[in-house]
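*Asks:* I would like to see how this sequence folds:
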Amino acid sequence: MTAHSAPDSAYDEHALDPVPEGARESTAMQQFWIWAGANIAPINWVLGALGIVLGLGLADTVLVLVLGNLVGMAVFGFFVLMGQRTGVSQMVLARSAFGRRGAYLPAIIQGITSAGWCAINTWIVLDLVVALLGELGMSGGTGVKIAIVLVVMALQTWIAANGFRWISAFERYTVPVTLVVLLAMSVVAWTKLDVDWGYAGAGLEGKDRLSAMSTVMTAIGIGWGITWLAYASDYSRFVSPSVPKRKLYVASVLGQFIPVVWLGVLGASVATIGKQADPGQLIVTVFGALAIPVLLLVIHGPIATNILNIYSCALCALTVDLKVSRRNMAYLVGAFASVFTIVLIFQESFAHALDGWLASLVVWVAPWASIMAVHYYLVRRQQVDIDALYDAPGRSRLGDIKWDAMISFLVGIFAAWFFEFGIPTALQGPGAKMLGNVDISWLAGGLTAGVLYTVLARRSASARSRGLVDAATRAE
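*Replies:* Numbering: from 1, shown residues only. Sure thing, here's the model as predicted:
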């Protein structure tokens with residue numbers, strides 16, 4: 001029996017092995033809790049306020065949030081189904097399109113991205129936590145922030161290191177409670193604060209309005225859903241094939257859509273009061289008796305998100321053939337993120353810049369995802385050779401590097417950057433500037449990579465077919 005066919009190691013150790021059908025116990029509802037928990041995070045109300053900060057009206061901001069997430073999460077659902085059908089993690093599945101070693105590139109990028117988000121998600125709540133503690137009569141400064149980082153990071157690393165069952169249980173039992181707190185928090189914010197529901201923005205028109213809407217679309221609209229595509233199969237691989245695909249699809253999509261739009265609208269509506277990027281500071285001042293439950297919600301946010309970041313980052317490390325156990329790799333990721341978060345506390349300007357960079361990383365996800373979707377659903381027709389995914393490097397039946405995918409990926413990244421208008425100046429491409437600072441990076445990158453890969457893959461298939469015919473003719 002090969003290592004990747006051993007049923008116990010796949011489920012109990014949660015390494016790269018495909019999860020056997022008998023060990024897939026996760027339900028559609030459990031998947032809902034996982035994705036909902038990952039998105040009930042303060043970063044989403046901060047991003048929701050972005051449209052107001054950029055000068056958009058509340059109606060425009062909400063429109064972009066709803067329509068963008070409908071599209072982004074709809075695509076996300078199809079990547080969830082990949083994991084259920086194959087039982088394989090997302091970056092291992094990428095080997096089918098990119099080759100045994102070619103898949104190293106997206107795995108390395110995804111690993112770095114998820115580790116970076118782990119630090120940012122922890123750092124971004126620190127001011128809110130300190131402000132909430134102040135409401136409870138407990139003051140603190142940098143020392144308190146560092147203590148919070150160490151406690152939160154230790155807890156989320158421990159959960160992630162213990163694997164999928166612990167992650168699933170944490171989300172299943174904590175998310176319903178946080179949703180109740182979020183409901184109370186929303187009611188208080190929308191009834192006690194002077195929200196301007198008719199806020200028309202800064203009077204943006206024409207290209208300026210379109211530019212601001214496209215930025216929000218990339219940050220927390222379509223772009224937000226796209227950023228989760230690289231995580232999808234890591235968790236849906238534990239879902240039994242007997243679970244109806246439609247049921248799993250709907251549960252996963254709603255698990256993403258509901259909290260992202262809810263928190264986004266909360267952030268945008270509250271931001272109409274002070275036109276600030278951090279509506280949480282306004283909300284904190286009116287909570288009173290709700291300070292403790294809101295404090296728990298704020299702390300829960302990064303934990304629920306980062307257990308996925310740490311777990312998936314460890315899988316990425318194994319995908320590039322690092323000889324470290326998944327559990328130990330999770331601890332290493334947690335240690336790195338702890339140090340990095342503490343650095344961000346002392347380097348606020350760098351932290352804001354890093355947040356902008358990470359929010360702009362749709363430039364790689366969109367091309368990669370487009371290639372994976374074309375490969376899985378069109379080229380392979382959902383029929384992937386699972387055993388071949390685990391061939392040793394240098395002896396893989398898939399080949400070491402598949403240049404059709406690699407070329408399409410790199411060209412797609414360039415196209416995405418060309419039409420991106422990110423926060424850092426380096427991520428403001430000439431194409432976006434020519435369009436009046438309109439960001440269509442996700443569309444340009446995804447379409448370019450997807451169309452190019454379709455053409456190259458068909459050409460390669462035709463060449464192989466001709467080769468087989470020629471070989472048969474010579475044999476005759």
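
*Asks:* all helices of the stretch 201-350 of the chain, in order?
*Replies:* 206-220, 222-227, 232-236, 245-274, 279-284, 291-319, 326-346, 348-359 (DSSP state H, counting those that start in this stretch).

*Asks:* possible to save those helices as JSON lines with mean pLDDT and mean neighbour count?
*Replies:* For glycine as for every other residue, the C-beta is placed from the backbone atoms N, C-alpha and C. Putting those into JSON lines (pLDDT from 0 to 100; neighbours: other Cβ atoms under 10 Å) gives the following:
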{"stretch": "helix 206-220", "mean pLDDT": "86", "mean neighbour count": "23"}
{"stretch": "helix 222-227", "mean pLDDT": "87", "mean neighbour count": "27"}
{"stretch": "helix 232-236", "mean pLDDT": "96", "mean neighbour count": "27"}
{"stretch": "helix 245-274", "mean pLDDT": "93", "mean neighbour count": "22"}
{"stretch": "helix 279-284", "mean pLDDT": "59", "mean neighbour count": "22"}
{"stretch": "helix 291-319", "mean pLDDT": "90", "mean neighbour count": "24"}
{"stretch": "helix 326-346", "mean pLDDT": "92", "mean neighbour count": "19"}
{"stretch": "helix 348-359", "mean pLDDT": "62", "mean neighbour count": "16"}
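
*Asks:* what would those look like in CSV with distance to residue 376?
*Replies:* Below are these laid out as CSV (distance: least, Cβ to Cβ, whole Å):
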stretch, distance to residue 376
helix 206-220, 24
helix 222-227, 16
helix 232-236, 10
helix 245-274, 14
helix 279-284, 39
helix 291-319, 17
helix 326-346, 24
helix 348-359, 26
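
*Asks:* These: which one's closest to residue 59?
*Replies:* Of all the helices of the stretch 201-350 of the chain, it is helix 245-274 that lies closest to residue 59, at 9.9 Å by Cβ to Cβ.

*Asks:* how much space is there between residue 425 and residue 433?
*Replies:* Distance, residue 425 to residue 433, using Cβ to Cβ, to the nearest Å: 11 Å.

*Asks:* one step back: of all the helices of the stretch 201-350 of the chain, which one is nearest residue 24?
*Replies:* Using Cβ to Cβ, the nearest of the helices of the stretch 201-350 of the chain to residue 24 is helix 232-236, at 9.6 Å.

*Asks:* Secondary structure class of residue 398, three-state.
*Replies:* Under DSSP: H, G, I helix; E, B strand; the rest coil, residue 398 falls in the coil class.

*Asks:* give me phi/psi at it?
*Replies:* When quoted as degrees, to the nearest 10, the phi and psi of residue 398 stand at phi -80, psi -20.

*Asks:* before we move on, what about residue 428?
*Replies:* phi -120, psi 90.

*Asks:* was I right about it contacting residue 421?
*Replies:* Yes: using Cβ atoms under 8 Å, residue 428 is in contact with residue 421, at 5.2 Å.

*Asks:* Which one of these two is surrounded by more residues?
*Replies:* residue 421 (22 against 17; other Cβ atoms under 10 Å).

*Asks:* and that one, what does it touch?
*Replies:* Listed by Cβ atoms under 8 Å, 6 or more residues apart in numbering, the contact partners of residue 421 are 211, 214, 215, 427, 428, 429, 432, 433, 437, 438, 439, 441.

*Asks:* For it, what are phi and psi?
*Replies:* With angles defined as degrees, to the nearest 10, residue 421 sits at phi -130, psi 80.

*Asks:* distance of it from residue 232?
*Replies:* Distance from residue 421 to residue 232, by Cβ to Cβ: 27 Å.

*Asks:* Can you say which of the helices of the stretch 201-350 of the chain is nearest to residue 368?
*Replies:* helix 222-227 (9.6 Å).

*Asks:* so what secondary structure elements neighbour the closest one?
*Replies:* With contacts defined as 3 or more Cβ pairs under 8 Å, 6 or more residues apart in numbering; DSSP states H and E, the packing partners of helix 222-227 are helix 58-86, helix 362-373, helix 441-475.

*Asks:* ranking those helices by burial, who's on top?
*Replies:* Comparing the helices and strands packed on helix 222-227 by mean neighbour count (mean count of other Cβ atoms under 10 Å), helix 362-373 comes out on top with a mean of 27.

*Asks:* Quick one: mean pLDDT over that one.
*Replies:* Averaging pLDDT along helix 362-373 gives 93.

*Asks:* any idea of the angle that helix forms with helix 206-220?
*Replies:* 70 degrees (axes from the mean of the first three to the mean of the last three Cα atoms, to 10 degrees).

*Asks:* Show me what helix 362-373 is in contact with.
*Replies:* Here helix 362-373 has contacts from 75, 78-79, 82, 93-94, 97-98, 106, 109, 218, 223, 226-227, 229-230, 405, 408-409, 411-413, 415-417, 420, 427, 441-443, 445-450, 453, using Cβ under 8 Å, 6+ apart.

*Asks:* buried ones in the next helix or strand after it?
*Replies:* Along the chain past helix 362-373, the next helix or strand (assigned with DSSP states H and E) turns out to be helix 403-418. Residues of helix 403-418 classed as buried: 404-406, 408-409, 411-418 (neighbour count, 16 or more other Cβ atoms under 10 Å).
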